[in-house]
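> have a look at this prediction, sequence included:
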Amino acid sequence: MGGRRQFGLRAGRARSPLTVHFVWSLLAAKSASLYPSPRAPARTIVEFCGIIKSNAHSDCGESIMSQRARPLVAERQREIVRLLQEIGTLRIGELTDRFDVSDETIRRDLAVLEEQGLLTRAYGGAFAEGVHDETSYQRRMRQNHGEKERLGRVAAAMVRDGSTIIIDSGTTMRHLATHLKAKRDLVVITNGINHVDALLANQTLTLVVTGGVVRRATLGAAGELAVATLETLRADHTFIATHGFSADAGLTYPSFEEVAVKRAMIAAGEEVTLLADGSKCGRVSMVRVAPLDKLNRIITSPPIPDGEREKIEELGIDLVVVGEDEGSELGGPSASGNGDFVR
């Protein structure tokens, strides 16, 4: 220790090549006087310079690397949180491809973010904290607002006066409920408490609200009571919502709570139409609600991948892409006098 202080060296600090050369020369001179054997000073010099080399490459090197890596880790974790807030659910494979890192690196990131209360880990991925794969209702009302309004208007044009329909909960369905004001003598069954005020604005409409436990994420009633109510009813037309749809995966949803309700709605409808904006096409969520061939029609918005379009049409499902042809969409579809949908 005394020798190291004498030459002004401190452990853990890297030295320049000039400094190491100077220390080597001094050590050689000192060791020659202390050790008559020619091998001894060489061993001392090598051992001492090994300390310098080790410190330069480990302490300083690791410090530099950690300083460089730390912002990258923080940036990656912030991006993971942002993606979860936007999409709701992420799989480990998607994240490894996106950030070009290993599975273990992503798992460590998810563990850190879970400890911070920013997400919930699940097998193979993670969900946004609090509502799993769902953002807040208020935020989703603002997302793709114009597209959802057009989807609701087109769907309302398909509703016949005097018919019985089922409307699912969700933000797109809220727009459908708003566009039913001009319809006459409808019976509307819904689990969406957010639709009630819009539906009651129609004085000729009879409203049936399922029981159940209301979920704050969707303002929809779920649970056994809602399912039991729907199992006793039949409707001319069911309008269903979902988090993602594809020809291969079918209708998928991030939460178990409302899946049974959606299945009961599909079973109760003579005709079933999915309302989902184009951002949900090709998206696959955790729970499968039903295969796509349970649907008669999909009302969505562009863009729709060509591969998905072909597969959906092969299933015999009527695919209505609102806004793909702005001229036809603005001039019609419209409702005829009896409420039929006109292409």
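Thanks, I have it. Please read all numbers here as calculations on a predicted model, not as lab measurements.
> what segments of the stretch 201-343 of the chain are helices?
224-231, 259-268, 306-314, 326-331 (DSSP state H, counting those that start in this stretch).
> just put those helices in a markdown table and tack on distance to residue 161, mean pLDDT and mean neighbour count.
The C-beta positions use only the backbone N, C-alpha and C, and glycine is treated the same way. Formatted as a markdown table, the helices of the stretch 201-343 of the chain follow (distance: least, C-beta to C-beta, whole Å; pLDDT from 0 to 100; neighbours: other C-beta atoms under 10 Å):
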| stretch | distance to residue 161 | mean pLDDT | mean neighbour count |
| --- | --- | --- | --- |
| helix 224-231 | 23 | 96 | 18 |
| helix 259-268 | 20 | 97 | 21 |
| helix 306-314 | 30 | 92 | 14 |
| helix 326-331 | 23 | 40 | 11 |
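> now render those as a markdown table, adding distance to residue 207.
Shown next, in a markdown table, are the helices of the stretch 201-343 of the chain (distance: least, C-beta to C-beta, whole Å):
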| stretch | distance to residue 207 |
| --- | --- |
| helix 224-231 | 13 |
| helix 259-268 | 16 |
| helix 306-314 | 33 |
| helix 326-331 | 30 |
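> just tell me which of the ones you listed ends up closest to residue 169.
helix 259-268 (8.3 Å; C-beta to C-beta).
> ok, back up a step: residue 187: which of the helices of the stretch 201-343 of the chain is closest?
Checking the helices of the stretch 201-343 of the chain against residue 187 by C-beta to C-beta gives helix 259-268 as the closest, at 12.4 Å.
> strands of the stretch 101-250 of the chain, start to end?
119-122, 125-128, 164-167, 187-190, 206-209, 213-215, 220-222, 235-240, 244-246, 250-253 (DSSP state E, counting those that start in this stretch).
> residue 106 is nearest to which of the ones you listed?
Across these, residue 106 has its closest neighbour in strand 125-128 (9.2 Å, C-beta to C-beta).
> just checking, what packs against that closest one?
Contact here means 3 or more C-beta pairs under 8 Å, 6 or more residues apart in numbering; DSSP states H and E; on that basis strand 125-128 packs against helix 61-87, strand 89-91, helix 103-115, strand 119-122.
> could you give the mean pLDDT of the shortest one?
Right, strand 89-91. Mean pLDDT, computed over strand 89-91, is 84.
> list the contacts of stretch 173-182.
Residues from elsewhere that reach stretch 173-182, judged by C-beta atoms under 8 Å, 6 or more residues apart in numbering: 141, 148-149, 151-153, 155-156, 159, 167, 186, 188, 190, 192, 194-195, 198-199, 201-202, 205, 239, 241, 275.
> would you mind listing which of these are buried?
Among these, the ones that count as buried by 16 or more other C-beta atoms under 10 Å are 141, 148-149, 151-153, 155-156, 159, 167, 186, 188, 190, 192, 194-195, 198-199, 202, 205, 239, 241, 275.
> can you give me the end-to-end span of stretch 278-298?
Using C-alpha to C-alpha, to the nearest Å, the end-to-end distance of stretch 278-298 comes to 11 Å.
> no further queries at this time; thank you.
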